[in-house]
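# quick one, structure for this:
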Amino acid sequence: MSHDHDNMGIDTGLSIAASEGCEESRILINRRHLLGVSAGFFSWAYMPTFAQAGTADDPRVLFVILRGGMDGLNVVVPYGDKTYYTLRGELAIPEASTIKVDSFFGLHPALVNFGAMYKAKEGAVIHAVAPPLRNRSHFDVQDNLETGMPNQPPVGASGWLNRLLTSLKAGDSVKVGGAVQIGNAPVIMRGAAPVLGWSPQKLGDISGDFYSALQKLYASTDKPLGEVLGLGLKANEMALGTNPGAVTEKITDLQKAFRGAARLMAAEKGPRISVLSVGGFDTHLDQGGVTGALATLLRALDTGLGDFKATIGDAWRKTVVVCVTEFGRAAAINGSSGTDHGVGTVALLAGGAVAGGKVYGEWPGLGAKDLYEGRDLKPTTDLRSVFKGVLQDHLDVSNDALNNEVFPGSSKVPVMSGLVKFAVAPPFVTDKKAPVTPTPPVVAPVSPPPQVPVIQTPVIVSPPVAPPAPPKVSTPTPPNRGTPTAQGGAMTG
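The predicted model follows:
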C-alpha cells in the first residue's frame with residue numbers, strides 16, 4: 001500500500017473543514033504538511049526539455065482528483081428518484097434549487113460555471129461510477145484509482161498516467177509535450193517517464209531581483225544547478241503569465257493552480273497532460289445542502305474550472321477535463337449531519353472536445369434492494385471505462401496499449417466511447433429505466449465547438465513496475481445507441 005498521495009491536494013482555504021474528516025483522512029492531510037518542507041520552485045527542476053513546438057490542435061487532458069470521497073448524490077442530484085429525499089433528509093438539495101440538466105438530474109447550485117458548460121455541450125456527467133476496488137478506504141482506493149490496477153496494487157506500483165506516456169509512440173505530440181503535476185506528486189504520475197512538477201511558490205511575494213541574484217550565485221558556484229534553476233524560472237513565468245516577482249491579482253491557491261495548468265498546457269512547447277488534486281471532500285460532519293461545507297468546496301472547484309477555460313484560450317476546443325474521486329458517500333445521512341464513506345459517485349467531464357450536454361451511465365436506483373451492500377449508490381460503470389474512452393477517442397491510444405500497459409488486466413472492461421467530439425466511434429446511449437431492444441446507431445451531426453503557493457516535495461521518478469501480462473483479448477464492441485449496458489452510456493431523460 002503506497003501513501004505518496006494525500007487527501008488535501010491544492011489548498012482551497014478549507015483546512016478546517018477538511019480536517020473534520022475521518023482519522024484516515026486527517027492522517028493524509030497531516031502527512032502532507034509534515035513532508036511539505038521545500039519551496040515550490042524546487043519542483044521546477046523537473047521541467048522537460050521539449051523537442052518541438054506543438055499547436056492549438058494538439059489534444060490536451062487535465063485530470064482533477066477530488067480527494068476525500070466526493071458525494072456524487074449531492075453533486076449531480078437525482079431529483080427524479082424520490083427515494084433520494086427520504087434518504088438524505090436535511091442534506092437533500094431541493095429540485096427547485098438544482099441546475100437542471102434533464103427531467104431526472106440537476107447539478108448542485110454551486111456549479112454555475114460547469115452548468116453553463118453543460119448547457120453549451122461542453123460538459124458531461126457519468127453517474128454511478130467507481131474504481132474497481134470498493135472497500136471504502138481512502139488509502140487503498142486512491143492507490144487503486146491512480147495505479148489503474150484491477151485490485152489492490154503492489155507496493156511501489158507505477159501510476160497509469162505515467163505508463164500512458166511511456167506507451168505512446170515516439171514523436172506523438174502528447175509524448176513530446178509530456179505531463180505536468182500541479183502541487184504534490186500524485187501516485188498517478190509515478191513512473192519512468194519524466195514529468196514537470198510545478199506549484200506557485202509559498203514564501204510570500206518574492207521580488208524578481210531575488211531570483212536574478214540566485215541565478216548569478218548558482219552560475220558562479222554550481223553551473224548545472226544554475227541551468228536547472230533557469231529552466232524552472234522560465235516554467236514558473238510561463239505558468240504565472242508574468243514575471244515571477246511581479247505583483248499579481250489576489251486569488252486563491254486553487255485558482256492559481258488551475259490558471260497555471262492552463263497557461264502551461266496552452267504554451268506552444270508546454271505539456272499536454274496535467275494532474276491537479278483538490279482536497280477536503282471527506283464530509284462526515286455538517287456537510288450541508290444548498291449551502292455549507294460541500295457547497296463551499298464545489299464553488300471553489302467551479303471557480304477553478306471557469307478560470308481554466310478562460311485562461312487556456314483557443315486550446316479549450318481540444319481539451320478534456322476529467323474530474324474524479326476515489327469513492328462516493330453512503331446514500332443516507334448519518335447522525336452528524338454528514339455522510340459516511342460510500343462507493344458509487346459521479347465523474348465530471350468539461351472541455352471544448354467533450355461530447356457534452358448528457359448524463360452518461362446506467363442509473364441503478366436508490367431503493368433498498370438497489371443499493372450496493374444495502375447502503376451505497378451501486379456503481380454501474382468502472383472508472384477505467386471512462387478513462388479508456390477519453391484516452392482512445394481523444395489521444396488515439398490503442399486497445400492493446402489500454403488493456404495491457406495502461407490498465408493491465410482490463411480486457412473485459414469496455415471502452416466507453418462517445419465521450420469526446422469528433423471521435424471515430426459514435427456515442428452509445430442507454431435509458432435510465434428498463435432495458436430496451438437495441439436499435440441501429442444513429443449519428444447526429446455535431447456542430448463545431450465554440451470557438452499554488454503549495455508546499456510540496458519534488459517529483460520522484462521510480463522504475464516502472466512490470467505489470468502482469470494478461471492474454472490479449474479484444475475489447476468488446478461498445479453497445480449501439482439505445483442499448484443499456486452495465487458500463488454505462490448516455491442517460492436520456
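# just the pLDDT at Leu371, thanks.
On the pLDDT scale, Leu371 is placed at 98.
# quick one, what contacts the residue nearest to it when sequence neighbours are not counted?
Once flanking residues are discounted, Leu371 sits nearest to Ala331: 5.8 Å by C-beta to C-beta, 6 or more residues apart in numbering. The way it works is simple: take the backbone N, C-alpha and C, and place the C-beta from them, glycine included. Contacts for Ala331 (C-beta atoms under 8 Å, 6 or more residues apart in numbering) come out as 73, 87-88, 342, 366, 371, 375-377.
# okay, now the unreliable bits of the stretch 151-300 of the chain?
Filtered on pLDDT under 70, the stretch 151-300 of the chain yields the residue ranges 201-208, 228, 231, 242-248.
# quick check: buried residues in stretch 65-73?
65-73 (16 or more other C-beta atoms under 10 Å).
# equivalent analysis for stretch 294-311, please.
Neighbour-count burial for stretch 294-311, with 16+ other C-beta under 10 Å as criterion, is recorded at 294-309, 311.
# tell me what the biggest helix by length in the chain is packed against?
Ranked by number of residues, the top helix in the chain under DSSP state H is helix 293-312. Here helix 293-312 touches helix 15-19, strand 60-66, helix 72-75, helix 112-119, helix 253-266, strand 273-278, strand 319-325, going by 3 or more C-beta pairs under 8 Å, 6 or more residues apart in numbering; DSSP states H and E.
# for the most centrally placed residue in the chain, which non-adjacent residue is spatially closest?
The chain has Val64 as the residue nearest its centroid, 2.6 Å off, counting by C-alpha atoms, centre = their mean. Leaving aside its chain neighbours, Val64 sits nearest to Cys323 (4.4 Å; criterion: C-beta to C-beta, 6+ apart).
# which ones are touching that neighbour?
Going by C-beta under 8 Å, 6+ apart, Cys323 touches 64, 66, 301, 347-350.
# quick check, nearest of those residues to Phe407?
Ala347 (15.6 Å; C-beta to C-beta).
# secondary structure class for the closest one?
The three-state assignment at Ala347 reads strand, by DSSP: H, G, I helix; E, B strand; the rest coil.
# wait, what's in contact with the residue lying closest to it once chain neighbours are set aside?
Closest residue to Ala347 in three dimensions, ignoring its sequence neighbours and counting by C-beta to C-beta, 6+ apart: Ile126, at 4.5 Å. Ile126 makes contact with 346-347, 349, 359-361, 381, 386, 416, 419, 488, according to C-beta under 8 Å, 6+ apart.
# so Ile126 versus Phe63, what's the distance?
Separation of Ile126 from Phe63 (C-beta to C-beta, to the nearest Å): 14 Å.
# one more: Asn151?
Distance, Asn151 to Phe63, by C-beta to C-beta: 21 Å.
# got it, and Val278?
Here the criterion is C-beta to C-beta. By it, Val278 lies 11 Å from Phe63.
# between those two, which is the more surrounded one?
Val278 (27 against 23; other C-beta atoms under 10 Å).
# that one and Leu66 touch, don't they?
Yes: with contact defined as C-beta atoms under 8 Å, Val278 counts as touching Leu66 (5.4 Å).
# so who does the residue nearest to the centre of the chain touch?
Counting by C-beta under 8 Å, 6+ apart, Val64 touches 275-278, 301, 321-324.
# show me the beta-bridge partners of it.
Judged by DSSP bridges, the bridge partners of Val64 are Leu276, Cys323.
# mind telling me what element Val141 is part of?
In the assignment (DSSP states H and E), Val141 maps to helix 138-147.
# so which of the contacts of Cys323 would you say is closest to Pro186?
If you rank those by distance to Pro186 using C-beta to C-beta, Val64 comes first, at 11.0 Å.
# the residue of the chain positioned farthest from its centre and Asp393, how far apart?
The C-alpha centroid of the chain is most remote from Ser220, which lies 42.2 Å away (C-alpha atoms, centre = their mean). Using C-beta to C-beta, Ser220 is found at 52 Å from Asp393.
# again with Ala401
Applying C-beta to C-beta to Ala401 and Asp393 gives a distance of 14 Å.
# and those two? which has more neighbours close in?
Between Ala401 and Asp393, Asp393 has the larger neighbour count (other C-beta under 10 Å), namely 25 against 18.
# check which helices and strands whichever helix or strand the more buried one is part of sits against.
In this assignment (DSSP H and E), Asp393 forms part of helix 383-395. With contacts taken as 3+ C-beta pairs under 8 Å, 6+ apart, helix 383-395 sits against strand 60-66, strand 123-130, helix 160-167, strand 319-325, strand 345-350.
# make a markdown table from these and add distance to Pro224 to it.
Below are these laid out as a markdown table (distance: least, C-beta to C-beta, whole Å):
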| stretch | distance to Pro224 |
| --- | --- |
| strand 60-66 | 31 |
| strand 123-130 | 45 |
| helix 160-167 | 25 |
| strand 319-325 | 35 |
| strand 345-350 | 41 |
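# out of these, which is closest to Val290?
Among the helices and strands packed on helix 383-395, strand 345-350 comes nearest to Val290, with 17.8 Å by C-beta to C-beta.
# return the list of strands paired to the closest one, each annotated with direction.
The pairing partners recorded for strand 345-350 under DSSP bridges are strand 123-130 (antiparallel), strand 319-325 (antiparallel).
# output that strand as PDB, nothing but the C-alphas.
Extracted C-alpha coordinates of strand 345-350, given in PDB (Å, rounded to 0.1, in the frame of the first residue of the first chain):
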ATOM      1  CA  THR A 345     -20.300   8.500  -7.200                       C
ATOM      2  CA  VAL A 346     -20.000  10.800 -10.200                       C
ATOM      3  CA  ALA A 347     -17.300  11.800 -12.700                       C
ATOM      4  CA  LEU A 348     -17.500  15.200 -14.400                       C
ATOM      5  CA  LEU A 349     -16.100  16.000 -17.900                       C
ATOM      6  CA  ALA A 350     -15.600  19.500 -19.200                       C
END
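# can you name the element that comes right after that strand?
Helices and strands here follow DSSP H and E; after strand 345-350, the next one along the chain is strand 358-360.
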